[in-house]
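Q: could you look at this predicted model? Sequence included:
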Amino acid sequence: MRKPLVAGNWKMNGSSAGNKLLLNEILAAANSFPSVDVALFPPAVYLHQVQQALKDSNVAWGTQNVSSYHQGAYTGEISATMLHDFDCKYVLIGHSERRCLYAELELDQLVLDRIIAEKYNMAISEGLIPIICIGESPEEHAVGKTEEVIGRHLDILIEHQGVKSLSQAVLAYEPVWAIGTGRSATPEWAQDVHSFMRERVAKYDVETAQGLRILYGGSVKGNNAAPLFSKPDVDGGLIGGASLDANEFVKICQSAQKQVLG
Ligand code: PGA
């Protein structure tokens, strides 16, 4: 069985004082989800605080983005090697909010795909676990293009990096229409897409596909996590808004724990 992963993406939220409370509350409940991998993704300026708070716990951490370059004149960017100074384990790559920022720069799709593939490569070569986010836009969803979009992303990733690299990575299905809208995908919809993703990877390598964790992200809350996680191809969640509320987030982690215990 794949070990579930619950990842909390704080996005651009938090303050030293507020983080302290949130981290303490999550830590106080951490022994209620011993069989689940849990990771937090604070804004990079709070990495030191998160590292100090979580270093002796079963909760890991990472960043919301990483540069595809090692070092140099890249104002505002953060390199993978710097993340080692903070003992980061994971890094989010290709979150739709990041993809939109790039799109604003009018990069064409091929350039965007290349940047994401480079970041992925960088994370893996630096021993970080990339969580690659993919999902269809509301427009693509409306015209039934979900599988086409997801399949294309997966093919590009696998063709650039080789399917075996996915054994060191995590995928997250994040339909853009569900992010921050309060309108989660139904468990059935998530299962169908996750199973499509796993089959797509299996076309290249069955073993990698079977071991691959595929998270669902988009309006996961304490009250809808359990039915989502009960689906066989949903291996946990990428949580945005609800990760800022300790009660909600702990409830989500406990839903994953219940799934492991059966
Ligand atoms: P949400 O965000 O849980 O607030 O919908 C999910 C995400 O963006 O990862």
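A: Sure, I can see it. Numbering: from 1, shown residues only.
Q: C-alpha from now on. contacts and neighbour counts both.
A: Fine.
Q: toward the C-terminus, what is the element adjacent to the helix or strand of the chain with the lowest mean pLDDT?
A: Ranked by mean pLDDT, DSSP states H and E, the weakest helix or strand in the chain is helix 96-104, scoring a mean of 70. The helix or strand immediately downstream of helix 96-104 is helix 109-125, counting by DSSP states H and E.
Q: distance between that following helix and the chain's centre?
A: Per C-alpha atoms, centre = their mean, to the nearest Å, the displacement of helix 109-125 from the mean C-alpha position of its chain is 15 Å.
Q: mind listing residues that contact it?
A: Defining contact as C-alpha atoms under 8 Å, 6 or more residues apart in numbering, one finds that helix 109-125 is touched by 66-69, 80, 91, 93-94, 99, 102-103, 129-130, 132, 153, 156-157, 160-161, 165, 168-169.
Q: in strands, which of the residues you listed fall?
A: V91, I93, I129, P130, I132 (DSSP state E).
Q: got the contact list for the third one?
A: Residues counted as contacts of I129 (C-alpha under 8 Å, 6+ apart) are K89, Y90, V91, A123, Q168, A169, V170.
Q: so what would you say the end-to-end distance of stretch 160-172 is?
A: With C-alpha to C-alpha, to the nearest Å applied, stretch 160-172 spans 19 Å between its terminal residues.
Q: direction included, what does the one helix or strand A39 maps to pair up with?
A: Using DSSP H and E, A39 sits in strand 37-41. Sheet pairing for strand 37-41, assigned by DSSP bridges, gives strand 5-9 (parallel), strand 59-63 (parallel).
Q: list the buried ones in stretch 24-38?
A: Buried positions in stretch 24-38, judged by neighbour count with 16 or more other C-alpha atoms under 10 Å: E25, I26, L27, A29, A30, F33, S35, V36, D37, V38.
Q: pretty sure the third one contacts K55?
A: No. Counting by C-alpha atoms under 8 Å, L27 stays clear of K55, with 10.9 Å between them.
Q: what residues does this protein have near the ligand?
A: Listed as neighbours of the ligand in the chain under the rule C-alpha under 6 Å from any ligand atom: N9, A178, I179, G180, G217, G218, S219, V220, L238, I239, G240, G241.
Q: from P130, how far off is K164?
A: Separation of K164 from P130 (C-alpha to C-alpha): 14 Å.
Q: in the stretch 151-262 of the chain, which spans are helices?
A: Using DSSP state H, counting those that start in this stretch, the helices of the stretch 151-262 of the chain run over residues 187-202, 206-211, 225-229, 246-261.
Q: partner residues bridging the residue nearest the centre of the chain?
A: Geometric centre of the chain, nearest residue: I131, 4.5 Å, by C-alpha atoms, centre = their mean. Note on I131: beta-bridge partners L92, V170, judged by DSSP bridges.
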